[in-house]
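Engineer: return a 3D structure for these sequence lines:
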Amino acid sequence: MSAPYKKRMRSCEKDITNEHYYRFDILNAVIDFQVEELDTRFTDSSKEILTLGASFDPRHNFRAFKSEDVCKLALKYYPSDFSSNDMRALDLECGFFVADIQKDPRFENTTSVSDLCRRMVEFDKSWLYPMIYRLICLLLTLPVSTATTERAFSSMNIIKNKLRNKMNDEFLDDLMVLYIERTFAGTINNDDVIAEFELSGTRRVKFS
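Structural biologist: You can find the predicted model right below:
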């Protein structure tokens, strides 16, 4: 890697080594491209909520835990889930949480937030730190809500196309639910749907 870099079997115009070429001209360029792509894909609020949520990263003995980030996460992104009393309780819990968990040998080798949540329930820490446990549970729903939102937008583009752009919102919602959960919808028997529809009220025409 310390040899002079040659471009197409001829010496490069720049006096650089192979290491310099592959590290700066290739690797760093790819990293810059990926960072730029991520910046355009995720909003500032999405990046901030992930940054604040990283406080619960249990690796390196909870070195990333910050009480101010935990309180900011609850106050800014989950205001309907935490009252003013809950916020005061959360602030108090943060003062004891890390010191308690770090001394507990049962939490050694915890590798993820989901693993932390499971162990808190298993070792009765969820009732001792109810506000922190609630916030962790809310964080764990992020991948589900994000995936559901992406599927919803994808479904909307398929269902409400140029030929069907005048349907009302209620009908669109019903169709999107059926399309998003099409695996489950495929297990429903059409005869059962027709029978339940007939029982819901009188009809001009009988379906069966």
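Engineer: only C-alpha atoms for contact and neighbour calcs from this point on.
Structural biologist: OK.
Engineer: quick one: mean pLDDT over stretch 4-13.
Structural biologist: Summarised as a single mean, pLDDT over stretch 4-13 is 59.
Engineer: going forward, begin numbering at 40 instead of 1
Structural biologist: Happy to do that; since the first residue is 40 now, the last one works out to stretch 43-52.
Engineer: gap between residue 89 and residue 143?
Structural biologist: From residue 89 across to residue 143, the span is 26 Å (Cα to Cα, to the nearest Å).
Engineer: which one of these two has more residues nearby?
Structural biologist: For residue 89 versus residue 143, neighbours defined as other Cα atoms under 10 Å are more numerous around residue 89 (13 against 10).
Engineer: that's a strand at the more buried one, yeah?
Structural biologist: No - under DSSP: H, G, I helix; E, B strand; the rest coil, residue 89 falls outside any strand and is assigned helix.
Engineer: distance of it relative to residue 161?
Structural biologist: For residue 89, the distance to residue 161 - Cα to Cα - is 26 Å.
Engineer: how about residue 137?
Structural biologist: Relative to residue 161, and taking Cα to Cα, residue 137 is found at 17 Å.
Engineer: repeat for residue 149
Structural biologist: Distance, residue 149 to residue 161, by Cα to Cα: 13 Å.
Engineer: more crowded one of those two?
Structural biologist: Neighbours were counted for residue 149 and for residue 161 using other Cα under 10 Å; residue 149 has more, 18 against 10.
Engineer: kindly spell out which helices and strands sit in contact with the longest helix belonging to the chain.
Structural biologist: Using DSSP state H, we find that the single longest helix of the chain is helix 123-142. Judged by 3 or more Cα pairs under 8 Å, 6 or more residues apart in numbering; DSSP states H and E, the packing partners of helix 123-142 are helix 98-101, helix 106-116, helix 169-179.
Engineer: okay, now the unreliable bits of the chain?
Structural biologist: Across the chain, the ranges flagged by pLDDT under 70 are 46-53, 77-81, 182-204, 219, 246-247.
Engineer: quickly list the domain ranges of it.
Structural biologist: Using automatic domain parsing, the domains assigned to the chain come out as 45-80, 84-179, 183-238.
Engineer: adding distance to residue 234 and mean neighbour count, write the helices and strands packed on helix 123-142 out as CSV.
Structural biologist: CSV is the format used below for those (distance: least, Cα to Cα, whole Å; neighbours: other Cα atoms under 10 Å):
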stretch, distance to residue 234, mean neighbour count
helix 98-101, 55, 15
helix 106-116, 45, 17
helix 169-179, 40, 18
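Engineer: how about JSON lines for the ones you listed, with distance to residue 242 added?
Structural biologist: Converted to JSON lines, the helices and strands packed on helix 123-142 look like this (distance: least, Cα to Cα, whole Å):
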{"stretch": "helix 98-101", "distance to residue 242": "63"}
{"stretch": "helix 106-116", "distance to residue 242": "48"}
{"stretch": "helix 169-179", "distance to residue 242": "45"}
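Engineer: so who does residue 228 touch?
Structural biologist: Residues near residue 228 by Cα atoms under 8 Å, 6 or more residues apart in numbering: none.
Engineer: show residues contacting stretch 239-246.
Structural biologist: With Cα under 8 Å, 6+ apart as the test, stretch 239-246 has contacts from 233, 237.
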